[in-house]
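Engineer: Any chance you could fold what I've pasted below:
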Amino acid sequence: MDGKARADAFGRRELLVLSALGLVAGAQRPAFAGSPQGQLTWAVHFSLAPTWFDPAETPGMITPFLLMYALHDAMVKPMPGNAAEPCLAEAWKTAPDGLSYEFTVRAGAKFHNGEPVTAEDVKFSFERYRGTSAALMKERVAAVETPDERRVRFVLKKPWPDFLTFYGSATGAGWIVPKKYVQQVGEDGFKKAPVGAGPYRFVSFTPGVELVFEAFEGYWRKIPAVKRLVFKVVPEEATRLAALKRGEVDLAYSIRGELAEELKKTPGLSLKPVVIQGCFWLYFPDQWDPKSPWHDQRVRDAARLAIDYKSISEALTLGYSPITNSIIPDTFDFYWKAPAAVYDLAKAKKLLADAGFGNGFDAGDYYCDSSYANLGEAVLNNLQEAGIRVKLRPLERAAFFSGYSEKKLKNIIQGASGAFGNAATRLEAFVVKGGAYAYGSYPEIDTLFAEQAAELDVAKRTTMLQRIQQIVHERSVYAPIWQLAFINGVGKRVGESGLGLIRGHAYSAPYEDVTIKQT
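Structural biologist: All right, here's what the predicted structure looks like:
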């Protein structure tokens, strides 16, 4: 049984065990027989930003992967049926002592400029990575060695059971860029004309309008079926649906509420809801400030009780979005199932009164990604019914996540993440001290997290990680809203949309598998 079969048959945890015993390899798949043909166009619900062209800047959210699965490739990445598929790495092995991972770069893998992918590119990509969890990864990696052009070895300071999860799914550190080209054009030049090793190459980008990719026939896995991919920026939901109806676009992301009902009834169009690993929540960044109302847990508990979760899910996502009451997706390893979320407006008001806010209080700004402002409006209305008066402050997605990670947002943040990983990777970014989106932390959680990171016994790690999730729940660090069912529209020209092929992934992927219907 080769590495690909092992990964399909077992899963991430078992794969790590098997890799410790020897080689894990991935076989090249058969190529698409013909030349790429035609064009497919997506209507995207947010403005695209050049920062997402560069894997080095990957934040703790899924958005950049919308582009990265086309433009770039990774050593190991989530693929259909496999959470850790060998890609630019055709094989890897783990040392028996758990202190090193050695990858063999796939023979024949090329960048879009024709240069071969080498071990030096892999090392360079890791060392220049500055996105989410970068500090944590670099603290744990003692050295990156390149014995020859096709072998790269990551030497750890001590055994780290989550190395492959961080490197191969939760971050952009394992997505490879060409060292010579980046050094030649510089950081800004790379964003203007990115070169990757993925199934599609960059053609053009018009900010606020569209991004165009074209098939790269030298892609190792297979020749893409579709020649040109166009991503049009269409922020207005009704406009996206209208464009889909007219055939101006072939796929439309994020069609919700009454518009989703309309889409279902439209001949030739199909509704494609995908429950993703995208949990949404309210975050109270001022809870560590003794002068803030949010410092009082009764106020945070009141906010949680004030949200009518079920009604919001039914109104916006036709009830497809499950109410998991957690910031950790229910598909992740080490997930702890929280008690069911409760909507109790009377109790929320009583808790506020007990906390000294019998007449409610002005809670300031409510920040959110503008593409989910309608969710913000629904939650805001619930909060105001309880007496928590807030003002909606929607921001463009790139600006929102930049402000979030730079700790510039206050009062209430409607956050979310659909990033790959497990419970540990999600907690590291959003809960633990020093996390990219953690404005404060609790010592008990930080201690447990440090202990689990070095624990090789899976049962013991599970206990620790689930205890952390329980503390987050009990202290109302967050007010989880839902695990998003991402509802999309698919037009009649589309054969394979790519939606839902990769478990938990929000967008179409792998793009080389996307097809146009044969007529």
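Engineer: In stretch 133-148, which residues are buried?
Structural biologist: 133-134, 136-137, 140-141, 144, 146 (16 or more other C-beta atoms under 10 Å). Any C-beta I mention is one placed from the backbone N, CA and C, and that applies to glycine too.
Engineer: again with stretch 357-364
Structural biologist: Neighbour counts over stretch 357-364 (16+ other C-beta under 10 Å) mark 357, 360-361, 363-364 as buried.
Engineer: average model confidence for that stretch?
Structural biologist: On average, the pLDDT along stretch 357-364 is 97.
Engineer: Do me a favour and get the end-to-end distance for that stretch?
Structural biologist: 15 Å (C-alpha to C-alpha, to the nearest Å).
Engineer: if we can go back for a sec, let me have the buried residues of stretch 133-148 in CSV, adding secondary structure as columns.
Structural biologist: Formatted as CSV, those follow (DSSP: H, G, I helix; E, B strand; the rest coil):
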residue, secondary structure
133, coil
134, helix
136, helix
137, helix
140, helix
141, strand
144, strand
146, strand
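Engineer: Report all helices and strands that the longest helix seen in the chain contacts.
Structural biologist: When the chain is parsed with DSSP state H, its longest helix is helix 458-474. If contacts are counted by 3 or more C-beta pairs under 8 Å, 6 or more residues apart in numbering; DSSP states H and E, helix 458-474 sits against helix 423-430, helix 443-453.
Engineer: and the first one with helix 443-453, angle?
Structural biologist: Interaxial angle, helix 423-430 versus helix 443-453 (axes from the mean of the first three to the mean of the last three C-alpha atoms, to 10 degrees): 140 degrees.
Engineer: Next, the angle from helix 423-430 to helix 458-474.
Structural biologist: Per the same axes, to 10 degrees, the angle that helix 423-430 makes with helix 458-474 is 40 degrees.
Engineer: Return the residues in contact with the nearest residue to residue 204 once chain neighbours are set aside.
Structural biologist: Using C-beta to C-beta, 6 or more residues apart in numbering and skipping the chain neighbours, the partner closest in space to residue 204 is residue 212 (4.8 Å). For residue 212, the contacting residues are 203-205, 228-231, by C-beta atoms under 8 Å, 6 or more residues apart in numbering.
Engineer: do that again at 6 Å, thanks
Structural biologist: By C-beta atoms under 6 Å, 6 or more residues apart in numbering, the contact set of residue 212 is 203-204, 230.
Engineer: Among the residues you listed, which one sits closest to residue 371?
Structural biologist: For the contacts of residue 212, the closest approach to residue 371 (C-beta to C-beta) belongs to residue 230, at 19.1 Å.
Engineer: you'd agree that closest one is up against residue 41?
Structural biologist: Yes - counting by C-beta atoms under 6 Å, residue 230 touches residue 41, with 4.4 Å between them.
Engineer: When the two are compared, which one has more neighbours?
Structural biologist: Each of residue 230 and residue 41 has its neighbours counted (other C-beta atoms under 10 Å); residue 41 has more, 22 against 17.
Engineer: my read is the more buried one is in a strand, agree?
Structural biologist: Yes - counting by three-state DSSP, residue 41 is part of a strand.
Engineer: Can you give me the separation between residue 380 and residue 326?
Structural biologist: 22 Å (C-beta to C-beta, to the nearest Å).
Engineer: circling back to that earlier point, buried ones in the longest helix of the chain?
Structural biologist: For helix 458-474, burial by neighbour count (16+ other C-beta under 10 Å) applies to 461-462, 464-466, 468-469, 472-473.
Engineer: Using PDB, write down the CA coordinates of that helix.
Structural biologist: In PDB, the C-alpha atoms belonging to helix 458-474 read as follows (Å, rounded to 0.1, in the frame of the first residue of the first chain):
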ATOM      1  CA  VAL A 458      -3.100  10.900  21.800                       C
ATOM      2  CA  ALA A 459      -5.600  10.100  24.600                       C
ATOM      3  CA  LYS A 460      -3.800  12.500  27.000                       C
ATOM      4  CA  ARG A 461      -3.600  15.200  24.300                       C
ATOM      5  CA  THR A 462      -7.300  14.800  23.600                       C
ATOM      6  CA  THR A 463      -8.100  15.300  27.300                       C
ATOM      7  CA  MET A 464      -6.100  18.400  27.500                       C
ATOM      8  CA  LEU A 465      -7.400  20.000  24.300                       C
ATOM      9  CA  GLN A 466     -11.000  19.200  25.200                       C
ATOM     10  CA  ARG A 467     -10.500  20.700  28.700                       C
ATOM     11  CA  ILE A 468      -9.200  23.900  27.000                       C
ATOM     12  CA  GLN A 469     -12.400  24.100  24.900                       C
ATOM     13  CA  GLN A 470     -14.500  23.500  28.000                       C
ATOM     14  CA  ILE A 471     -12.800  26.400  29.800                       C
ATOM     15  CA  VAL A 472     -13.300  28.700  26.700                       C
ATOM     16  CA  HIS A 473     -17.000  27.700  26.900                       C
ATOM     17  CA  GLU A 474     -17.400  28.100  30.600                       C
END
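Engineer: If you average the pLDDT over it, what comes out?
Structural biologist: Averaged across helix 458-474, pLDDT comes to 98.
Engineer: Run the chain-centre distance for it.
Structural biologist: 22 Å (C-alpha atoms, centre = their mean, to the nearest Å).
Engineer: and residue 381, how many neighbours?
Structural biologist: Residue 381 has 13 neighbours, counted by other C-beta under 10 Å.
Engineer: Quick check: pLDDT value at it.
Structural biologist: Residue 381 is given a pLDDT of 98.
Engineer: ditto for residue 14
Structural biologist: 39.
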